[in-house]
Each structure stands twice: as structure tokens, then as C-alpha cells.
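Enquirer: Test case, fold it:
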Amino acid sequence: MFPTVARVLDLDVVSRGLPEVVAGREHLERPVRWVHVSELADIAGTLQGGELILTTGIALPEDREGLARYVRELADVGVAGLVVEFGRRYFDNLPRALVHAAEQRGLPLIVLRRELRFVAVTEAVHALVVNAQLEELRSSEEIHQTFNELAVEGAEPVEVVQQVSRMAGAPVVLENLSHQVLAYDTGGQNAQVLLAGWESRSRGVRPKGRTGHDPRTGWLVTAVGARGHDWGRLLLLGTPSSAQEDVAPEKASHRHTMLLERAAATLALNRLLVRDRESLERQTHRTLLSGILTHALTVSDVALRASALGVPLEGRRLVGVVLRMRRGSAPAALEAQARLRDFTETAAAAVREKRLTALVGALDDEAVGLLVSLGARDDEHSALDGFASSLRRLLLEAEQPEPVIAVGSSVGAVRDARRTLVEATQVADAALHDAPASGARSASYYRLPDVRLRGLLHLLRDDARLQTYVERELGPLLAYDAEHGSQLIQMLRVYLEQGRNKSAAADAAHLSRPSFYDRLHKVERVLGVDLDQVESCLSLHVALLALDAVRR
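Expert: Numbering: from 1, shown residues only. Predicted structure coming up:
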């Protein structure tokens, strides 16, 4: 904030006096709060600290003890420095007792070998002080305005972290209480180097107080939380970049402290405002899963961020799991959001209960995704079966409905993580409404072989050739129903689902047999087929299953 003694000595108006430091040279970085001109030997009682004293020395004591007392009193009150002008009392040298006392107390002592107008010095220094105060006020206003806007907009933690890094010109990391990285910005540095061995490095940084500087690492750290409940730390790493090199060290330190604390307050406030939404840990996991599925993150970014979260992916077997809630009556938006949040946290609890390692986060409004990371000695079936059992028990205890649990094929590299997640998503979608016959599942979850033909058709649902096949087989019947308001397509479905047993189909359709038979004859006329032919019925049944897949 304030100019230092060294900065004052570099001013043109001061340098014309040929200043020379004769004691306390190592303390020239002391800030100068004000310049005071005085010839009194007992001036210390009127000072507040941080003043630079200008004097000609005409009233200073002559004895050694008096000079030592004068320096001691100035040092005790926190004076920034003492400047003595030659020409009135002293001409070539200062008394040794004065110099010795200043050196002993670490008080910068400067002589001016040429006469100066003290008023010019005070005006120049005071202008620096006032300008520094104005600049600090502007900086403070900028910081508060920036983070007020982020708070009002409900900015995500990663946006807040990026803003801190941008304004400080240095890397910034947000971690939880377990020293797992929730969000970070490299500030232009290498991410691998920044996050390498993060947990052990972070645990070694324990500054005193809620905000503190660690001299060993150069990190500035502040706690994040509210109402006495801290949930993380925000860390500004190392020395600011060249973007901040024009800022004085003590000013930068003050600004960075204010910046970090204001950002921490924004994060804590946003956490309180969104406490009914997913946890910050779930948000971070969700972002990683989304980055994998959308290719928004590179393979190295995914591996690095997941490792910093305590979920190592490299050198592990990865299995995608999708949990899809069964559709019931559509809940209100807030209720649906709360249900998804609870569902996601329950899935994470099941992962912890079975001591699995996994990314767990919402994929959409009705599905939760997991990327399970298995070690070389972990049995895949046992791990997944145990997770499914724990999840169902926890959901039952919470009176939540049982979901569809779908699992993709395991992969051995991070670059293939998307493939197993996509496969699990496709299996979940296919199994949601089309659960196979009892006993068809290989375990307490679905895999691609379990959904059989329906699963294959679901995988092909976006293929134009499958859509063309549906239209060729069922198009005339769908058009007839649309034009006449009939339900012939449903009659055909019931007939085929009952194994072509007309009596059973009539009962299932809640129609008399003559009425049902009449509808079947209409189906035959509209489609131009013979429903007594097995191949025709097989083709129509496949088309109906494909229609279901296309419509979803």
C-alpha cells in the first residue's frame, strides 16, 4: 500500500540531496505512512509509527546516551526511518553513537549531503501515499464488485477459482478437507507439475489463523466455510506471475489476501444458497463425467483431475455404470432436483460402503453415472454385485424406488472410459421399460447381453435404415390409426405378445373374440400381410420393438 523507504530515496526530489544510507540498510523495505519534519529530541511521543523523520539534527542530544535514547524511542514507536541533512549541525559525518544505535535497533538512517527543501520532499511522498491509498481503494472496489456479481449470478466454484487466478496472476486451487482438489486454475503453469502429489504437499501447509502465508512454499491459504463449519481451503500458489510484477510486494500481499478472502466468502455464500442442490464434490465428479462423455476434456486432463480428487484412473480397469430412475408421475422441478440429488448421494454412499473408488455424478435429470476404478486384484463381478446390493438396501431404507442398474464392458485405459459409459447408458435405456424375462440377467445389474434383441435395436435406434424398416413394416398401420383414431397397432402388439394366441390376446385386450378377430382382419388388410405366417409375424414383432426404441 505505502511506498517504502527505498522508494522514497529513489524520488528525484530526494536524490538531488545525494542520500546515503549509513545504518539499517536491510530494513529499507519498510513502508512509509507519512513524512514528518521535526528538530525535537522527544518527538517520539507524538508519532504513531510508519513515519519518515526529516531533521537537520540541530536539537539532538550531544551525549552518547541521549543519542541512543533518541534512536531507541523512534524505533520503539515504529518509525520507518530517520533522514538527517548535513549543513546545520553535522557536516561530514554523524556521531558514531547515533549510527551505532540505529544499526543496533534496525532503524534505517540516511544522510543528505546536499541541502533540500523539506516541504518538497513531504509533498512528493504524501502524493505517493495518497495515490497508493486511492489505488488500493479502486482495487478493493474492483474485487468486491467482481465477486458480488459472481455471487449474484450463482457462479460455479470453477468460475470463482478462475477469476482469482486471473486477478492474482498465479495458480489457484480449491480443495476439500481431505485435501482433494475440487477446482483449480493453473495460471498458465503446467497442470501435471501443479497437481503432482497434491495431497501430501497440501497437508504440509498449515498456516496459523483462517488466512495465512506459508513461508516455506510461498502459498497463501484461507479457509472456506460459514457459520463455523469449514468445508475446504482456497490456496494461492507461489509468487504471482509477471502480470503483477509492477505491484510492490507488501501491496501485492495485502491485495492477494483481500482477493482470496473475498473469493472464499463468495464460495461459502454460494454453497449456502445452493445447499439444496448437489454437493460440491458431486458437482466436480459430474463435470468430469460430462467431460468424458462430451470430449470436453482431454484424456490427460481427465486422469489428472480424477487423481487429484482421489480417484486414480491410470493403470486401472474402468467400468461404466448407469443408474436410471424408473419413470413415474412427473414431479415438480424442485422436487425432481431434490430427488436426483438424494439419489446421487445414495449412490455415492453405496460406493463408500463397499470401499470402491469411483467418480459419481448426475448425467441427466433421471440418471446417475459412475466410472468405477478397479485394481488388478479386484473382482469385477463381486465389486459390482456388492455395490448393487448396498444401493438397493440404502434406497429401501430411504423409501426410494429401485433403479435400473446397467453396466458397460470394462476397459483398461482412460481413453476408453467414454466407451464403457456410453454402453452402460445404452443398456440402461434399453432395460428401463423392456426388462427381460425373469432369470435372464447375469447378475443384480444389466449388461448388454441381458437386453438381447431390444438392446440391439436400442443401439441402432438412430440408424436411418432401422427407421426406414419400421416405416416399411408399420407405416400404413400407423397412418390408418392416425386418420381414424383407431388402435390397430395396439391390437397387433397384444396379439404378438401373446404368442399369436388369439383367444389369450382377446382376453388381454378386454375385447370379445369376434371384435378382436375383426380388428386383426383390418390389420391384415391395411398391411397386406397374413398373420398366420410365422415369418410375417416375426418381422412385424421386430418392427414393433424397433418402433419403441426409435420413439424413446
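Enquirer: which parts of stretch 38-48 are buried?
Expert: By 16 or more other Cβ atoms under 10 Å, the buried positions in stretch 38-48 come out as 41, 43-44, 47. All C-beta atoms are positioned from the backbone trio N, CA, C, and that covers glycine.
Enquirer: any idea of the mean pLDDT in it?
Expert: The average pLDDT within stretch 38-48 is 88.
Enquirer: Name the surrounding residues that touch it.
Expert: Around stretch 38-48, the neighbours that count as contacts under Cβ atoms under 8 Å, 6 or more residues apart in numbering are 33, 36, 53-61, 66, 70, 73-74, 76-79.
Enquirer: Recalculate using a threshold of 6 Å.
Expert: Residues outside stretch 38-48 that contact it (Cβ atoms under 6 Å, 6 or more residues apart in numbering): 55, 58-61, 70, 73-74, 77.
Enquirer: Please apply the same query to stretch 314-329.
Expert: So stretch 314-329 is contacted by 303, 347, 366-374, 401, 403-408, 410-412, 417, 420-421, 424-425, 428, 432 (Cβ under 6 Å, 6+ apart).
Enquirer: still on that earlier bit, which two among the contacts of stretch 38-48 are spaced furthest apart?
Expert: Within those, I58 and V77 form the most distant pair, 21.5 Å apart (Cβ to Cβ).
Enquirer: which stretches of the stretch 351-500 of the chain form strands?
Expert: Using DSSP state E, counting those that start in this stretch, the strands assigned to the stretch 351-500 of the chain run over residues 357-362, 367-374, 404-407.
Enquirer: how about TSV for these, with mean pLDDT and mean neighbour count added?
Expert: TSV is the format used below for the strands of the stretch 351-500 of the chain (pLDDT from 0 to 100; neighbours: other Cβ atoms under 10 Å):
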stretch	mean pLDDT	mean neighbour count
strand 357-362	94	24
strand 367-374	95	25
strand 404-407	93	25
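Enquirer: if I pick the spatially most central residue of the chain, what's in contact with it?
Expert: By Cα atoms, centre = their mean, the chain has its centre lying nearest to A183, at 3.1 Å. Each residue near A183 by Cβ under 6 Å, 6+ apart is listed here: 157-158, 161, 174.
Enquirer: Export those residues to a markdown table and append columns for secondary structure and neighbour count.
Expert: Formatted as a markdown table, those follow (DSSP: H, G, I helix; E, B strand; the rest coil; neighbours: other Cβ atoms under 10 Å):
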| residue | secondary structure | neighbour count |
| --- | --- | --- |
| P157 | helix | 22 |
| V158 | helix | 16 |
| V161 | helix | 23 |
| L174 | strand | 24 |
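Enquirer: and which of these is nearest T4?
Expert: Looking across the contacts of A183 and measuring by Cβ to Cβ, the closest to T4 is V161, at 31.8 Å.
Enquirer: what's the average pLDDT for the longest helix along the chain?
Expert: Counting by DSSP state H, the longest helix found in the chain is helix 118-152. Average pLDDT, helix 118-152: 80.
Enquirer: Now do the buried residues in that helix.
Expert: So helix 118-152, judged by 16+ other Cβ under 10 Å, has buried residues 118, 121-122, 124-125, 128-129, 132, 136, 139, 143, 146-147, 150-151.
Enquirer: Now do it: distance to the chain's middle.
Expert: Computed by Cα atoms, centre = their mean, to the nearest Å, the chain-centroid distance of helix 118-152 equals 31 Å.
Enquirer: cool, stretch 288-296 as well?
Expert: 15 Å.
Enquirer: In it, which residues are buried?
Expert: For stretch 288-296, the neighbour count (16+ other Cβ under 10 Å) marks 288-293 as buried.
Enquirer: Would you list the phi and psi of V181?
Expert: phi -70, psi 120 (degrees, to the nearest 10).
Enquirer: Excluding chain neighbours, give the residue nearest to it in space.
Expert: Spatial nearest neighbour of V181, chain neighbours left out: A308 (3.5 Å); criterion: Cβ to Cβ, 6 or more residues apart in numbering.
Enquirer: Now do the contacts for that neighbour.
Expert: Contacts of A308 by Cβ under 6 Å, 6+ apart are 181, 195, 198.
Enquirer: Switch those residues over to TSV; also include distance to R393, pLDDT and neighbour count.
Expert: Converted to TSV, the contacts of A308 look like this (distance: Cβ to Cβ, whole Å; pLDDT from 0 to 100; neighbours: other Cβ atoms under 10 Å):
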residue	distance to R393	pLDDT	neighbour count
V181	32	91	23
L195	36	90	19
W198	34	92	20
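Enquirer: Y469: which of those is nearest?
Expert: For the contacts of A308, the closest approach to Y469 (Cβ to Cβ) belongs to V181, at 49.5 Å.
Enquirer: my guess is that closest one contacts E175, does it?
Expert: Yes: contact criterion Cβ atoms under 6 Å: V181 and E175 qualify, at 5.5 Å.
Enquirer: Can you give me the domain boundaries for this protein?
Expert: 5-126, 153-273, 310-454, 464-551 (automatic domain parsing).
Enquirer: how far does the longest one stretch from start to finish?
Expert: What it means is domain 310-454. 38 Å (Cα to Cα, to the nearest Å).
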